[in-house]
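Undergrad: mind looking at a prediction? Sequence and model below.
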There are 2 protein chains.
Amino acid sequence: METIQSDNYPIFFENSIQELLKFVKDGNYSRIFILTDENTAEHCLHLVKPHFEGMDNFDLLEIPAGEENKNIDFCIGVWKLLIDFEADRKSLLINLGGGVITDMGGFAASTYKRGIDFVHVPTTLLSQVDASVGGKTGIDLDSVKNIVGTFTQPKAVFIAVDFLKTLSKREILSGTAEMLKHGLIIDAAYWNALKNSDLSIPDAQLIYRSVEIKNEVVIEDPTEKGVRKSLNFGHTIGHAVETNSLMKDKKPLTHGEAIAIGMICESYLSNKSAGLSNNELDEIVKVFGNLYPKYTLKKEDYPELLAIMLKDKKNINGKINCTLLTSIGQYKLDNFFTNNELCESLDYYASL
Amino acid sequence: METIQSDNYPIFFENSIQELLKFVKDGNYSRIFILTDENTAEHCLHLVKPHFEGMDNFDLLEIPAGEENKNIDFCIGVWKLLIDFEADRKSLLINLGGGVITDMGGFAASTYKRGIDFVHVPTTLLSQVDASVGGKTGIDLDSVKNIVGTFTQPKAVFIAVDFLKTLSKREILSGTAEMLKHGLIIDAAYWNALKNSDLSIPDAQLIYRSVEIKNEVVIEDPTEKGVRKSLNFGHTIGHAVETNSLMKDKKPLTHGEAIAIGMICESYLSNKSAGLSNNELDEIVKVFGNLYPKYTLKKEDYPELLAIMLKDKKNINGKINCTLLTSIGQYKLDNFFTNNELCESLDYYASL
Ligand SMILES: NC(=O)c1ccc[n+]([C@@H]2O[C@H](COP(=O)([O-])OP(=O)(O)OC[C@H]3O[C@@H](n4cnc5c(N)ncnc54)[C@H](O)[C@@H]3O)[C@@H](O)[C@H]2O)c1
Ligand SMILES: NC(=O)c1ccc[n+]([C@@H]2O[C@H](COP(=O)([O-])OP(=O)(O)OC[C@H]3O[C@@H](n4cnc5c(N)ncnc54)[C@H](O)[C@@H]3O)[C@@H](O)[C@H]2O)c1
Ligand SMILES: [Zn+2]
Ligand SMILES: [Zn+2]
């Protein structure tokens, strides 16, 4: 699988750990840091660390796992560690983990001393097909997701399917949701291929195609002025469901589970007002229904969900913005909805 | 005085408040915020606010005055206010204040929703001739100055000498130090003009020339890879003295006072090792000596000062980097010194 060229940085798929080592050596960095969470320290670090142990300018940074720690407090913790380790501007941060690590590590690096180099080694399916590509960094604040961040490209991304072996089925499926999204918005053939394969076992070729799609979109529109909003399909409602679940549920939804709900709701809206056919809506509902457990959306949470949607970054002038499908493989930007219509789509999901 | 063109944004000198209003109207922003500190709310806001009061999409944000508040806590406060006011991506932040407001407001805006527009209305001499131009944003952390920040250009800068009327003499002189620095590193004629004028009354033409110099340097090197380091003259040692004073003194040094000490020390090093003549060293010492009160550098603080210098952003591989003068009006980048040499220069200042 050929290296994908993104916005001035390469995305490696073959011999990725070797490529990482080569990158580090060629980069002539003064200090090298690997950021992990507790899980990637346990399951992923051993594939990388032995190669670094000889170096005397190498240190480990670790944060606790989970979206609830993608916050400013742990970001301050990372900045302070970099200060304590006397990291200078020629330092490199290697983000080894899922989207929480790549988002927060990217943000910490892009702002430490006004920006040091960072690379991503994504270890979840979600971060491989989505979070590690496109230059969005960020943290949550006051449980508003990704409200603080930058657009900063990594210097390289190193994708190795090997990491996924220790990932739970639930986390695999979290990433699958984004792959399905890529098919739905841009590539009907890819959607069909995904639909007909065993999605509990990640397939390198399918991952590769997903990264290709994401990369094409973000290269065309790095700062989300236009086409990049296509990637937002399912996310207006999905993010709200996710945020609400994070605040209230003992065992919160994964990003993918939430987005899957969002895609069903927004497919409903697509069917109502953007031309998605009844058959296509049924097909989408069936595919997601087979993959993800049913979640109970409580009527009493609707006001909260709408309030969260109102805070979405893509809104303008207080109007709630959704990306919809005109058919499978074809998106339509900037559809605005009233609270009533949005609630109707939540009711639709609840009724399934 | 003609508008200066910087890196894709204008710096206005004439009718600046009118220009600000025009900018805001043409910009078609969904929400407009003015960030002040308590002093600029009292002394500066009245020149601007009446023009905005008619608008229903306008709000005020205020933080306490002083460098000790240029920290992550108040930055979080600004982010949270923006969330509470439901600021979207088409919002504008107007930073009305000194360098603390322009640095922190710039950072908050450049990271809120991954970046909203901001403009500077600098109200101190220092922020007019220095902080508001060049795209550096930042906050302090763990009393390491500007350790977290971004390189993000404002959309425009509006300079009005009128604001300076309410500024104390001490704050005026804080800005004067940077103007003198601009002369010392690049323009001997400008240095002479400054030296021979009454520096307690800010002069619009002299301010203009200072902005021109700063602008030329930062345009050539926006992210401080080369020539921009010339602006660092006096700052390696000056920053350390300032940080130490902030931590320990009841009435800390201003930025300019600290930088003036740094420029004397680094002129001493320039004389020792970069070719600055004895006469020039004496002249520099005399000019600064006439303008700034003598400050007591304690021997027992030297280790702390060196430790702070070691954390400076411009260092590479643990070596302390100074910009020096080969003569008045001419700089030399990337001079590295041992702890002993740096202490010697502190001794020199103490001996004056
Ligand atoms: N920047 C972007 O463009 C972008 C895009 C999509 C999502 N995101 C962000 O990504 C985050 C979600 O990503 P995620 O699902 O990877 O979350 P995550 O980083 O929390 O990873 C999920 C869980 O898997 C664990 N884990 C990671 N790798 C493992 C491995 N190889 N083996 C075993 N366990 C492993 C983690 O410790 C965590 O508990 C969200 O914060 C979301 O906002 C960002
Ligand atoms: N970004 C850059 O390139 C850059 C360059 C130089 C300095 N800086 C930063 O700028 C800061 C120092 O700037 P500063 O000296 O303007 O600090 P400041 O913002 O703290 O202002 C100094 C004092 O003057 C008050 N004040 C401001 N305008 C006034 C007015 N018109 N009338 C009366 N009082 C007024 C303020 O409230 C404050 O008490 C430092 O944090 C420094 O790091 C940044
Ligand atoms: Zn997503
Ligand atoms: Zn300065």
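TA: Right, received. Where do you want to start? Ligands and ions are numbered 1, 2, ... in the order given.

Undergrad: who in the stretch 1-150 of chain A is up against chain B?
TA: A:30, A:72, A:76, A:79-80, A:83, A:86, A:88-90, A:107, A:110-115, A:136-138, A:141-142, A:144, A:146-150 (CB under 8 Å from any CB of the partner chain). Glycine gets a C-beta too; all of them are placed from N, C-alpha and C.

Undergrad: centroid residue for chain A?
TA: When CA atoms, centre = their mean is applied to chain A, the residue found nearest the centroid is residue A:131 (3.5 Å).

Undergrad: in stretch A:215-225, what's buried?
TA: A:215, A:217, A:218, A:219, A:224 (16 or more other CB atoms under 10 Å in any protein chain shown).

Undergrad: quick one on the thing from earlier: who are the neighbours in contact with the closest residue in space to the residue nearest to the centre of chain A that isn't next to it in sequence?
TA: Nearest in space to residue A:131, with sequence neighbours left out and distances taken as CB to CB, 6 or more residues apart in numbering or on different chains, is residue A:99 at 3.5 Å. If you count contacts by CB atoms under 8 Å, 6 or more residues apart in numbering or on different chains, residue A:99 has them with A:122, A:124, A:126, A:127, A:130, A:131, A:132, A:255.

Undergrad: can you count the residues close to residue A:290?
TA: 9 (other CB atoms under 10 Å in any protein chain shown).

Undergrad: which outside residues touch the strand or helix carrying it?
TA: Using DSSP states H and E, residue A:290 sits in helix A:278-291. Residues outside helix A:278-291 that contact it (CB under 8 Å, 6+ apart): A:173, A:176-177, A:180, A:184, A:195, A:199, A:260, A:263-264, A:267-268, A:270-271, A:325, A:327-328, A:352.

Undergrad: report the separation between the residue nearest to residue A:131 and residue B:56.
TA: For residue A:99, the distance to residue B:56 equals 39 Å [CB to CB, to the nearest Å].

Undergrad: same check, this time on residue A:153
TA: From residue A:153 to residue B:56 the distance is 39 Å (CB to CB).

Undergrad: out of those two, which sits in the more crowded spot?
TA: Applying other CB under 10 Å to residue A:153 and residue B:56 shows that residue A:153 carries more neighbours, namely 20 against 5.

Undergrad: not counting sequence-adjacent ones, nearest residue to the more buried one?
TA: Using CB to CB, 6+ apart, the nearest residue to residue A:153 is residue A:135, at 4.2 Å.

Undergrad: wait, doesn't that neighbour sit right on residue A:7?
TA: Yes - using CB atoms under 8 Å, residue A:135 is in contact with residue A:7, at 6.7 Å.

Undergrad: may I have the beta-bridge partners of the residue lying closest to residue A:4 once chain neighbours are set aside?
TA: Excluding the flanking residues, the one nearest residue A:4 by CB to CB, 6+ apart is residue A:11, at 4.2 Å. Under DSSP bridges, the beta-bridge partners of residue A:11 are residue A:4, residue A:157.

Undergrad: what number of residues lie near residue A:279?
TA: Residues lying near residue A:279 (other CB under 10 Å) number 10.

Undergrad: check what pLDDT it gets.
TA: Model confidence at residue A:279, given as pLDDT, is 98.

Undergrad: could you do the one 5 residues further on as well?
TA: According to the prediction, residue A:284 has pLDDT 98.

Undergrad: closest point of the stretch 1-150 of chain A to ligand 2, which residue?
TA: residue A:114 (10.0 Å; CB to the nearest ligand atom).

Undergrad: pretty sure that residue is touching residue B:150, no?
TA: Yes - the pair residue A:114 and residue B:150 passes the contact test of CB under 8 Å, sitting 5.8 Å apart.

Undergrad: mutual contacts of those two, please.
TA: The contact lists of residue A:114 and residue B:150 share B:137, B:138, where a contact means CB under 8 Å, 6+ apart.

Undergrad: sorry, back to before: who has more neighbours out of residue A:135 and residue A:7?
TA: Using other CB under 10 Å, the more surrounded residue of residue A:135 and residue A:7 is residue A:135, with 20 against 15.

Undergrad: thinking again about what came up before, and the contacts of residue A:99, which is closest to residue A:67?
TA: residue A:255 (7.7 Å; CB to CB).

Undergrad: how near is the closest residue to that closest one other than its chain neighbours to ligand 2?
TA: Spatial nearest neighbour of residue A:255, chain neighbours left out: residue A:174 (5.6 Å); criterion: CB to CB, 6+ apart. Going from residue A:174 to ligand 2 by CB to the nearest ligand atom, to the nearest Å gives 41 Å.

Undergrad: same deal with residue A:234?
TA: Counting by CB to the nearest ligand atom - residue A:234 and ligand 2 are separated by 40 Å.

Undergrad: give me the pLDDT value at that residue.
TA: 98.

Undergrad: near it, how many residues? Count them for me, please.
TA: 31.

Undergrad: how close does the nearest residue to it once chain neighbours are set aside sit to chain B?
TA: Residue nearest to residue A:234 in three dimensions, not counting chain neighbours: residue A:263, with 3.4 Å by CB to CB, 6+ apart. Computed as CB to the nearest CB, to the nearest Å, the residue A:263 to chain B distance reads 23 Å.

Undergrad: so who does residue A:74 touch?
TA: So residue A:74 contacts A:63, A:64, A:104 (CB under 8 Å, 6+ apart).

Undergrad: among those, who's most crowded?
TA: residue A:104 (28 neighbours).

Undergrad: please, which helix or strand holds that residue?
TA: Using DSSP H and E, residue A:104 falls in helix A:99-111.

Undergrad: again, but for residue A:334
TA: Using DSSP H and E, residue A:334 sits within strand A:330-337.

Undergrad: any idea how far that strand is from the chain center?
TA: 21 Å (CA atoms, centre = their mean, to the nearest Å).
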